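*Asks:* model the structure of this input:
(chains A and B)
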Number of protein chains: 2
Amino acid sequence: MISGSTTPNLLKVAIIGGYGHFECAFEDSRHREVFHICGIAPGRVGEPIENVVDLARQSGLCPEIYSTPMDLFNEIQPDVALVTCRFSDHAQIIGEALARGIHVLSEKPLATNWEDFQQLQHAYAQGNSQLSALFTMRYIPEMYTLANFVLSGGIGDVYSVQAQKSYKLGTRPTFFQERTSHGGLIPWVGSHTIDLICWLSNREVTHVRAWHSKAGAKKTGDLEMLAHIHCSLEGDCFGSAHLDYMRPEQAATHGDDRVRVLGADGIAEVQGGIARVIRNGNEEILSGSDAPNILMDFIDQIKGKGACRVSADDAFRATRICLTARDSADLGKEIEL
Amino acid sequence: MISGSTTPNLLKVAIIGGYGHFECAFEDSRHREVFHICGIAPGRVGEPIENVVDLARQSGLCPEIYSTPMDLFNEIQPDVALVTCRFSDHAQIIGEALARGIHVLSEKPLATNWEDFQQLQHAYAQGNSQLSALFTMRYIPEMYTLANFVLSGGIGDVYSVQAQKSYKLGTRPTFFQERTSHGGLIPWVGSHTIDLICWLSNREVTHVRAWHSKAGAKKTGDLEMLAHIHCSLEGDCFGSAHLDYMRPEQAATHGDDRVRVLGADGIAEVQGGIARVIRNGNEEILSGSDAPNILMDFIDQIKGKGACRVSADDAFRATRICLTARDSADLGKEIEL
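*Replies:* Here you go, the predicted structure:
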């Protein structure tokens, strides 16, 4: 086994919590030349992190385990915190990291309520740390391919983006059952779709109207099973997102992610893991591009090697729109951003 | 050639206008035992009806041609008027037919403005004629199959219906370019999706919020290129429709119609002409059912042989919701029905 703290010129990455995409710290073999996992802690005392520890060990690593993020931050002062804990704890832990000069790649949403959101904006503005969010959909090969095509003008100006995320409910941690600890379907699942709508349209959302419900729910407490979100964007552009946990348990795949983009010169979409485009004279499958690893992309930015695909502004923007959309659904009215 | 007026015990069907699904009068060979085409007229003087006359002749028929619907109605007193003319003329022509005791199968929407809509409701209530609308999507084999499955409880209670109609703009008659003669994208194309949302959910719409725009338009006057419609329905059910004329001209098919229905026990959808369902333990393509011909279905109702799949109430409901949705998009606000 390789010890958790080997070469001193490697960046120190700490993993906080085991509920999100912590696997990004292990999936790119280049990481051994760039960073090491200096420690793992739960987001709060007692939270399970066995899945992270197991994955680290499978990768031949034996990082230190801490009881709380603050113990870890204070003792090791990592360079980067990868925050993937209980969703309502994101904001406070990100804030603590930023206050210590630690760069943060966090699960979305950055915050699950407005008070936390505002405090976090303030903490970020006060410090010099860099911040990004785990909008992993941007790094899925077919989505990366689609975005490269659309953002380079492949279908002209974009006027509509539709995004779908349909998931199996499966067995979720109990904290999913409470709004105060989970945040709701729209901020958790929907933030990906909001990010895609903003990213692929390259426009700003001006108004949002969302609807959500627990209809069809089976003992899931506060958790919504279903949501529709509509965004109006600058320049006569519209976005729609459809989210649900109603995908049958025995479906072939866990999720059914789709995106459809209407441009002045064509239509591009992702469905079933394939990116397609229809333009005049052409109806083709886009050949896949190698997407970077999201954590390596963020670390490249920290090292001054270009911009991470998800900027801090992108992360705050998606969080702000999601909290607004959740308010819209709760209040039953459209909200201007 | 067979003359247009042969056996007297056949129902007399008149075709008014050549802009819609008049082909339904010719596509079912049973029609020769049930009705004959007694005459054809344009919706207004000078409107082209060569396409209808040609199709009649290809079918070996030689119906009388009239200059106006009223000439035809007064002279022949048909049993049924198939109204497929300029959209803004539907209401008046339907009203004239109803006033003469003629049954009407009309293109949707029944009316393109509220004044016409209210007059038509009154005319229908005053008479004894039967009325239906050309919601042809209900009769497309894969949609018919899907609906049979969903409405028989195949996926349990329905909580969400998403519908898409994406079309090539192609070359449209000039009357498409004016709101007053065309009615707009939402009433024309969108009425199909509104009807599907109501039909497949078997619930009533309570609120609608729609958005439309001419973005990306190429010399199409008032015509919208794109719309998103959201419906809230009774029982925590939601509907979304996405309409556009932005399908590239060289795409493989003229249209790309899709429907996705979320139920408590599964997901059913139509895409690419195929109906699929995912339920627990099952992910399958639904085998096609023979859908009836829409005009024959209406005529069966006239003859007392069961109910046409599209009732007069269905036709008025979809028209009312579409006009409300168009108002919503024009006014930029949600409207309660």
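*Asks:* check which helix or strand residue A:240 maps to.
*Replies:* Secondary structure from DSSP states H and E places residue A:240 in strand A:237-244.
*Asks:* hey, C-alpha coordinates of that strand in CSV?
*Replies:* Provided in CSV are the C-alpha atoms of strand A:237-244 (Å, rounded to 0.1, in the frame of the first residue of the first chain):
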residue,chain,number,x,y,z
CYS,A,237,-34.5,31.6,-25.7
PHE,A,238,-36.4,29.1,-23.5
GLY,A,239,-35.3,26.2,-21.3
SER,A,240,-37.3,23.3,-19.9
ALA,A,241,-36.2,20.7,-17.5
HIS,A,242,-38.1,17.5,-16.5
LEU,A,243,-36.9,15.6,-13.4
ASP,A,244,-38.2,12.5,-11.8
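*Asks:* that strand vs chain B: in contact?
*Replies:* Yes. Counting by CB under 8 Å from any CB of the partner chain, chain B is contacted by strand A:237-244 at A:237-238, A:240, A:242, A:244. Any C-beta I mention is one placed from the backbone N, CA and C, and that applies to glycine too.
*Asks:* tell me the one of those nearest residue B:30?
*Replies:* residue A:242 (40.8 Å; CB to CB).
*Asks:* near chain B, which residues of the stretch 101-250 of chain A?
*Replies:* Residues of the stretch 101-250 of chain A lying near chain B (CB under 8 Å from any CB): A:156-157, A:159-160, A:162, A:166, A:209, A:211, A:213-216, A:225-226, A:228, A:230, A:232, A:235-238, A:240, A:242, A:244, A:246-250.
*Asks:* please redo it, this time with the cut-off set to 7 Å
*Replies:* A:157, A:159-160, A:162, A:209, A:211, A:213, A:215-216, A:226, A:228, A:230, A:232, A:236-238, A:240, A:242, A:244, A:246-250 (CB under 7 Å from any CB of the partner chain).
*Asks:* out of these, which end up buried?
*Replies:* Taking 16 or more other CB atoms under 10 Å in any protein chain shown as the criterion, what is buried in those is A:157, A:159-160, A:162, A:209, A:211, A:213, A:215-216, A:226, A:228, A:230, A:232, A:236-238, A:240, A:242, A:244, A:246-248.
*Asks:* so which residue of chain A lies furthest out from the middle?
*Replies:* residue A:281 (35.9 Å; CA atoms, centre = their mean).
*Asks:* how about the contacts made by it?
*Replies:* Contacts for residue A:281 (CB atoms under 7 Å, 6 or more residues apart in numbering or on different chains) come out as residue B:250.
*Asks:* from residue B:216, how far out is it?
*Replies:* To residue B:216, residue A:281 is 18 Å away according to CB to CB, to the nearest Å.
*Asks:* what does residue A:142 give?
*Replies:* Residue A:142 sits 25 Å away from residue B:216, taking CB to CB as the criterion.
*Asks:* the residue of the stretch 51-200 of chain A found nearest chain B: what secondary structure?
*Replies:* Chain B sits closest to residue A:159 of the stretch 51-200 of chain A, with a gap of 4.5 Å, by CB to the nearest CB. At residue A:159 the chain is in strand, as set by DSSP: H, G, I helix; E, B strand; the rest coil.
*Asks:* what is the three-state secondary structure of the closest residue to it other than its chain neighbours?
*Replies:* Closest residue in space to residue A:159, ignoring its immediate chain neighbours: residue B:215 at 4.5 Å, by CB to CB, 6 or more residues apart in numbering or on different chains. Here residue B:215 is recorded as coil under three-state DSSP.
*Asks:* which residues touch residue B:215?
*Replies:* The contact partners of residue B:215, by CB under 7 Å, 6+ apart, come to A:159, A:236-237, B:225-226.
*Asks:* quick one: end-to-end distance for stretch A:325-337.
*Replies:* 10 Å (CA to CA, to the nearest Å).
*Asks:* contacts for it, please.
*Replies:* Taking CB under 7 Å, 6+ apart as the rule, stretch A:325-337 contacts A:184, A:186-187, A:190, A:205-212, A:227, A:229, A:321, A:324, B:334.
*Asks:* in it, what's buried?
*Replies:* So stretch A:325-337, judged by 16+ other CB under 10 Å, has buried residues A:325-326, A:328-329, A:334.
*Asks:* quick one: which of those residues is nearest residue B:199?
*Replies:* Nearest to residue B:199 among the buried residues of stretch A:325-337: residue A:329, at 25.6 Å, using CB to CB.
*Asks:* could you say which helix or strand holds the closest one?
*Replies:* helix A:312-331.
*Asks:* over to the residue lying closest to residue A:287 once chain neighbours are set aside. Which of the three states is it?
*Replies:* Among residues not flanking residue A:287 along the chain, residue A:145 sits closest, at 7.3 Å (CB to CB, 6+ apart). Three-state assignment for residue A:145 (three-state DSSP): helix.
*Asks:* so what's residue A:145 up against?
*Replies:* Counted by CB under 7 Å, 6+ apart, residue A:145 has contacts A:275, A:286, A:288-289.
*Asks:* just the ones in strands from those residues, please.
*Replies:* Counting by DSSP state E, the contacts of residue A:145 place residue A:275 in strands.
*Asks:* and which of the contacts of residue A:145 is nearest to residue B:317?
*Replies:* Residue B:317 has its nearest neighbour among the contacts of residue A:145 in residue A:275, at 38.8 Å by CB to CB.
*Asks:* verify the contact between that closest one and residue A:144 for me.
*Replies:* No. At 8.8 Å, residue A:275 does not count as touching residue A:144 under the criterion of CB atoms under 7 Å.
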